[in-house]
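Participant: generate a structure from the sequence data that follows.
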Amino acid sequence: MVSAQPVPFLKGHGTENDFVILPDPDGTLEVSPETVARLCDRRAGIGGDGLLRVVRSAAHPEARTMAGDAEWFMDYRNADGSVAEMCGNGVRVFVRYLERAGLAKAGEVAVATRAGVRRTHLGEDGGEITVAMGPAALPGDEVRVRVGERDWPAVHVGMGNPHAVVFVDDLAHAGSLLDAPQVEPAAVYPDGVNVEFVVDRGPRHVALRVHERGSGETRSCGTGACAVMAAAARRDGADPVADGASATYTVDVPGGRLVITEQADGEIEMTGPAVIVAEGSIDPEWLHAQRMGPEAPQQAHW
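Facilitator: Numbering: from 1, shown residues only. Sure thing, here's the model as predicted:
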């Protein structure tokens with residue numbers, strides 16, 4: 001399907017992890033990886049770390065079984081067009097869009113994702129949004145991460161998507177993060193991995209830099225902040241499920257600050273801001289024009 005009409009879009013961010021938002025309630029747009037990459041291009045497109053396609057769960061084949069629990073499905077794509085299971089900052093921005101569009105009110109809002117239903121709490125008057133991110137999985141695999149001549153042991157954490165958490169002395173040791181750090185053994189992460197480099201700032205207060213698979217270094221990663229909190233808590237001797245007491249960490253990211261709490265039942269909750277910064281329409285002629293040059297992608301189709 002090729003759209004001959006301007007296509008509405010919005011732009012939003014959560015702690016400067018930014019997204020192109022594509023409303024498609026009836027699921028009529030088939031968005032190719034090439035189209036996503038063009039939209040997320042920061043010089044020739046709108047620009048973003050990823051794309052949030054807003055679809056009714058009942059209208060999407062991957063979400064129909066969740067339609068009874070969540071009306072809306074977050075079809076999330078990385079900036080390179082690849083499909084991702086989950087995006088924590090993206091969920092908050094997704095809910096902020098639903099509020100702006102009159103599709104959700106303050107209170108509890110459920111969102112279907114490829115990692116399952118995520119329940120959120122939307123505050124009044126544009127306040128922060130809390131997302132119940134589910135429990136962290138810590139399978140205990142022995143993993144190492146290498147950047148240049150340095151390498152470190154890493155903690156394998158699953159937050160609906162895969163993470164390797166590395167504790168370092170200086171965030172500069174992560175290098176430029178233009179390319180993905182080397183992670184071994186690769187078999188632990190057959191679909192790629194997000195890598196977080198972490199330093200301590202104080203008691204239960206850490207800071208991170210992150211390389212997100214398919215996007216490169218980003219200003220924030222919500223699932224990554226949750227993975228870091230779980231790994232830091234275990235390192236510090238805290239295990240809320242075993243202890244019967246919640247643990248809260250402040251996680252600084254390059255784009256701001258998130259507060260992550262692991263409850264005694266294992267549920268991890270993330271609280272942070274979400275902002276809509278622009279709204280407009282995409283020129284269909286631009287969208288479907290083939291790029292010039294020897295490395296141009298093929299014409300994108302909806």
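
Participant: which SS class is Thr223?
Facilitator: helix (DSSP: H, G, I helix; E, B strand; the rest coil).

Participant: repeat for the one 3 residues further on
Facilitator: Three-state call for Cys226 (three-state DSSP): helix.

Participant: count the neighbours of it for me.
Facilitator: Neighbour count for Cys226, taken as other Cβ atoms under 10 Å: 30. No exception for glycine: its C-beta is placed from N, CA and C like everyone else's.

Participant: so which strand or helix has Leu287?
Facilitator: Here Leu287, judged by DSSP states H and E, is contained in helix 284-288.

Participant: all strands of the stretch 1-150 of the chain, in order?
Facilitator: All strands of the stretch 1-150 of the chain, identified by DSSP state E, counting those that start in this stretch, fall at 7-14, 17-23, 50-56, 72-78, 107-113, 116-122, 129-132, 143-147, 150-158.

Participant: next, format the ones you listed as TSV and append mean neighbour count.
Facilitator: Listed next are the strands of the stretch 1-150 of the chain as TSV, based on neighbours: other Cβ atoms under 10 Å:
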stretch	mean neighbour count
strand 7-14	21
strand 17-23	25
strand 50-56	22
strand 72-78	25
strand 107-113	20
strand 116-122	19
strand 129-132	22
strand 143-147	19
strand 150-158	19
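
Participant: list the buried residues in the helix holding Leu287.
Facilitator: Of the residues in helix 284-288, 287-288 count as buried by neighbour count, 16 or more other Cβ atoms under 10 Å.

Participant: CA-only coordinates of it in PDB, if you can.
Facilitator: C-alpha atoms of helix 284-288 as PDB (Å, rounded to 0.1, in the frame of the first residue of the first chain):
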ATOM      1  CA  PRO A 284       4.300  11.500   0.600                       C
ATOM      2  CA  GLU A 285       6.500  12.600  -2.400                       C
ATOM      3  CA  TRP A 286       9.600  12.800  -0.100                       C
ATOM      4  CA  LEU A 287       8.600   9.600   1.700                       C
ATOM      5  CA  HIS A 288       8.500   7.500  -1.500                       C
END
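
Participant: name the helices or strands packed onto that helix?
Facilitator: Counting contacts by 3 or more Cβ pairs under 8 Å, 6 or more residues apart in numbering; DSSP states H and E, helix 284-288 is packed against no other helix or strand.

Participant: so how far is it from its chain's centroid?
Facilitator: The chain centroid and the centroid of helix 284-288 are separated by 27 Å, computed with Cα atoms, centre = their mean, to the nearest Å.

Participant: and stretch 204-219, how far apart are its ends?
Facilitator: Terminal residues of stretch 204-219 lie 21 Å apart, using Cα to Cα, to the nearest Å.

Participant: same thing with stretch 59-66?
Facilitator: 11 Å.

Participant: tell me which residues are up against that stretch.
Facilitator: Here stretch 59-66 makes contact (Cβ atoms under 8 Å, 6 or more residues apart in numbering) with 25-27, 55, 57-58, 70, 73, 75, 112, 114, 116-117.

Participant: what's the most distant pair in those residues?
Facilitator: Spanning the widest gap among the contacts of stretch 59-66 are Asp26 and Gly116, at 23.0 Å by Cβ to Cβ.

Participant: quick revisit: same list, the strands of the stretch 1-150 of the chain, but as JSON lines with mean pLDDT and distance to Ser220 please.
Facilitator: Putting those into JSON lines (pLDDT from 0 to 100; distance: least, Cβ to Cβ, whole Å) gives the following:
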{"stretch": "strand 7-14", "mean pLDDT": "97", "distance to Ser220": "7"}
{"stretch": "strand 17-23", "mean pLDDT": "97", "distance to Ser220": "4"}
{"stretch": "strand 50-56", "mean pLDDT": "98", "distance to Ser220": "12"}
{"stretch": "strand 72-78", "mean pLDDT": "97", "distance to Ser220": "15"}
{"stretch": "strand 107-113", "mean pLDDT": "97", "distance to Ser220": "18"}
{"stretch": "strand 116-122", "mean pLDDT": "96", "distance to Ser220": "17"}
{"stretch": "strand 129-132", "mean pLDDT": "97", "distance to Ser220": "13"}
{"stretch": "strand 143-147", "mean pLDDT": "97", "distance to Ser220": "20"}
{"stretch": "strand 150-158", "mean pLDDT": "97", "distance to Ser220": "17"}
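
Participant: mind checking which of these is nearest Ile268?
Facilitator: strand 129-132 (7.7 Å).

Participant: from the contact counts, what lies against that closest one?
Facilitator: Judged by 3+ Cβ pairs under 8 Å, 6+ apart, strand 129-132 is in contact with helix 88-100, strand 116-122, strand 268-272.

Participant: what lines up beside it in the sheet?
Facilitator: Partners of strand 129-132 in the sheet, by DSSP bridges, are strand 116-122 (antiparallel), strand 268-272 (antiparallel).
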